[in-house]
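Trainee: how would this look folded up:
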Amino acid sequence: LLLLLIGYPELPDLQLQPQYPSVALLNWTTGEGTAKYWTSKLLIETADIDNDQAVVTQTTDVSGENIFSQGFIGKNGRRWVLIINKRYTNVDVFLPGSTGGRMQIINEASGFGPATEVTLTL
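Mentor: Model prediction:
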């Protein structure tokens with residue numbers, strides 16, 4: 001059982017102060033998942049916490065103002081990179097050696113649905 005509290009009201013029994021997210025996990029009108037819900041789901045399904053090892057990850061965004069990135073490699077050789085765009089603008093990312101790989105994207109285009117998936121090309 002996995003309990004994920006990204007945003008929650010005051011929970012006095014757990015001695016937790018309220019954490020009100022700017023975006024709820026679910027659309028309160030339709031019940032559909034929001035970007036926060038789909039991002040959490042994607043991370044839970046992608047990361048193999050027992051077998052994935054973080055590796056040194058370098059970017060040309062030295063200041064870290066535009067993107068956050070972290071590479072991982074699993075015991076089975078599976079490689080994946082978490083990239084977070086910190087800005088409300090398009091950011092170009094070049095991933096050498098990733099042609100043919102899959103990229104899952106959660107943004108305004110995916111709306112209240114799951115991540116869109118594309119195959120990486122050069």
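
Trainee: Stretch 66-82 - what's its average pLDDT?
Mentor: Mean pLDDT, stretch 66-82: 89.

Trainee: Quick test: name the residue nearest the centre of the protein.
Mentor: Thr39 (4.7 Å; Cα atoms, centre = their mean).

Trainee: who touches it in this structure?
Mentor: Remark: with contacts taken as Cβ atoms under 8 Å, 6 or more residues apart in numbering, Thr39 is in contact with Ile106. In short, each C-beta sits where N, CA and C put it, glycine included.

Trainee: Surely it is within a helix?
Mentor: Yes - counting by DSSP: H, G, I helix; E, B strand; the rest coil, Thr39 is located in a helix.

Trainee: Any regions of the protein where pLDDT drops low?
Mentor: For the chain, residues meeting the criterion pLDDT under 70 lie at 1-23, 62.

Trainee: Apply 90 and report the result again.
Mentor: Along the chain, the model assigns pLDDT under 90 to residues 1-37, 39-40, 43-51, 56-69, 74-76, 78, 84-98, 106-113, 120-122.

Trainee: All the strands of it, residue numbers only.
Mentor: In the chain, the strands defined using DSSP state E lie at 52-55, 67-74, 79-85, 102-105, 116-119.

Trainee: in its sheet, what does the third one sit against?
Mentor: According to DSSP bridges, strand 79-85 has the following sheet partners: strand 67-74 (antiparallel).

Trainee: Not counting the partner strand itself, show me its contacts.
Mentor: If you take Cβ under 8 Å, 6+ apart as the criterion, strand 67-74 is touched by 47-48, 51-57, 59, 61, 79-86, 91, 93.

Trainee: and if we set it to 7 Å?
Mentor: 48, 51-55, 57, 59, 61, 79-86, 91, 93 (Cβ atoms under 7 Å, 6 or more residues apart in numbering).

Trainee: Surely Thr121 and Gly100 touch.
Mentor: No - under the criterion of Cβ atoms under 7 Å, Thr121 makes no contact with Gly100, lying 8.1 Å away.

Trainee: Help me confirm that Asn51 comes into contact with Lys75.
Mentor: Yes - counting by Cβ under 7 Å, Asn51 does reach Lys75; the two are 4.5 Å apart.
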